[in-house]
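Participant: No letters, just coordinates:
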């Protein structure tokens, strides 16, 4: 396993690390096995969040007696100070720890969110907790280049979590050079773009890229410290460890070759993060948008696939035509997808 300094934190973190987003749907016994294999393979950094179901709880149990073996981060998304304090304390309790190595303010992607964080004293609280030793380092996560730049230039963050993959390279020209100049550690989320950039996901959209290629693409960027793929199956852990043991270097031409392999036909595509949920009428929005992604890829090209997608759609209870167009999902979506319009397209097509 290769390690790299996480910016000004001074922490040495594994180049490929453990994203715990999906552990809420994994039995505790299997979580224990995944964590044991990851640590044995050299991973030393694990990331979770308060809103990831019971991921924190399961990690707390899996890491009992091994807390000092890992660099552990979690994220709090509340924008009011009292709510933030409550969730932060729940994080500590769930993880069975008296300190967090890196506490992130979760998904700050609008100016409104950032203003609330500053005006409500959340950063001041985090800095006080850092002085008390209960938070070791302060980070932020964002899906917005513009908001990311504003936050990092305050000088109040040591680590930033950003989305980066062969179809989402917006951070290359501005944010990554800025992190380098400020010595801020960079943690990359969504290396598979919600599963699209894997063997199974890409084939469903009519092209072919491997999970190894996507991981290698993100991890090989010189300004990236570590990448945190979601690891909810042992085979995924093994794939991550395999990539981590490779040279983790790409020439410019090799990087371009990977980028050119991706052919997404849909103007808007869902990364499957689930931030849009819950829907007030119970629509599983990521599930339907995934079908739309596939439909756009095979429409008028592969009739067998079109029939298959329609069959899958008609087995779903809450279909697109019950959408209220309330736009609650739009407000939550990090990528500003026009979900109600996409629901209309699904209803017409499927």
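Facilitator: Cool, the structure landed. Just so it is clear, the structure is predicted and the values come from calculations on it, not from any experiment.
Participant: so what's the closest residue in space to residue 176 that isn't next to it in sequence up against?
Facilitator: Closest residue in space to residue 176, ignoring its immediate chain neighbours: residue 223 at 4.2 Å, by Cβ to Cβ, 6 or more residues apart in numbering. C-betas here are computed from N, CA, C, even on glycine. Contact partners of residue 223, counting by Cβ atoms under 8 Å, 6 or more residues apart in numbering, are 176-177, 179-180, 186.
Participant: What residues of the top strand by length along the chain count as buried?
Facilitator: Assignment by DSSP state E gives strand 135-142 as the longest strand of the chain. By neighbour count on 16 or more other Cβ atoms under 10 Å, the buried set for strand 135-142 is 135-142.
Participant: Let me see the mean pLDDT of stretch 249-268.
Facilitator: Stretch 249-268 comes out with an average pLDDT of 89.
Participant: Between the contacts of residue 223, which sits nearest residue 349?
Facilitator: residue 176 (38.0 Å; Cβ to Cβ).
Participant: from what I can see that closest one touches residue 221, true?
Facilitator: Yes: between residue 176 and residue 221 there is a contact under Cβ atoms under 8 Å: 7.0 Å.
Participant: In contact with the residue sitting furthest away from the middle of the chain, which residues?
Facilitator: Centroid-distance maximum for the chain: residue 303 at 33.5 Å, with Cα atoms, centre = their mean. Neighbour list for residue 303: empty [criterion: Cβ under 8 Å, 6+ apart].
Participant: now residue 321
Facilitator: Contact analysis of residue 321 by Cβ under 8 Å, 6+ apart lists 343, 347.
Participant: mind checking the SS state of it?
Facilitator: helix (DSSP: H, G, I helix; E, B strand; the rest coil).
Participant: all strands for this structure, in order.
Facilitator: Shown for the chain, the strands assigned by DSSP E span residues 3-5, 12-14, 18-19, 45-47, 71-76, 100-105, 135-142, 159-163, 185-189, 226-227.
Participant: Out of these, flag the one nearest residue 56.
Facilitator: strand 71-76 (6.2 Å).
Participant: got the angle between the longest strand of the chain and strand 185-189?
Facilitator: Relative orientation of strand 135-142 versus strand 185-189 (axes from the mean of the first three to the mean of the last three Cα atoms, to 10 degrees): 50 degrees.
Participant: what are the pairing partners of strand 135-142, and which direction each?
Facilitator: strand 100-105 (parallel), strand 159-163 (parallel) (DSSP bridges).
Participant: Give me the contact list for that strand.
Facilitator: Residues contacting strand 135-142 (Cβ under 8 Å, 6+ apart): 9, 11, 73, 75, 99-109, 123, 126-127, 129-130, 148, 151-152, 156-162, 185, 187, 189.
Participant: can we see that at 6 Å?
Facilitator: Contact with strand 135-142 is made by 9, 100-109, 126, 129, 148, 151, 157-161, as judged by Cβ atoms under 6 Å, 6 or more residues apart in numbering.
Participant: The spatially closest residue to residue 170 that is not a sequence neighbour: what's it in contact with?
Facilitator: The shortest distance from residue 170 to any non-neighbouring residue, by Cβ to Cβ, 6+ apart, is to residue 145 (5.2 Å). For residue 145, the contact set (Cβ under 6 Å, 6+ apart) comprises 170, 174-175.
Participant: Next, the contact list for the residue lying closest to residue 96 once chain neighbours are set aside, please.
Facilitator: Among residues not flanking residue 96 along the chain, residue 60 sits closest, at 3.9 Å (Cβ to Cβ, 6+ apart). Contacts for residue 60 (Cβ under 6 Å, 6+ apart) come out as 94-96.
Participant: nearest to residue 243, of the residues you listed?
Facilitator: The closest of those to residue 243 turns out to be residue 95 (Cβ to Cβ; 27.0 Å).
Participant: just checking, the closest one touches residue 55?
Facilitator: No: between residue 95 and residue 55 there is no contact under Cβ atoms under 6 Å: 9.8 Å.
Participant: What are the neighbouring residues in contact with the nearest residue to residue 6 once chain neighbours are set aside?
Facilitator: Excluding its sequence neighbours, the residue lying closest to residue 6 (Cβ to Cβ, 6+ apart) is residue 185, at 3.5 Å. The contact partners of residue 185, by Cβ under 6 Å, 6+ apart, come to 6-7, 9, 159, 225.
Participant: same thing but at 8 Å, please
Facilitator: 5-9, 11, 13, 139, 158-160, 179, 225.
Participant: Right, I'll leave it there.
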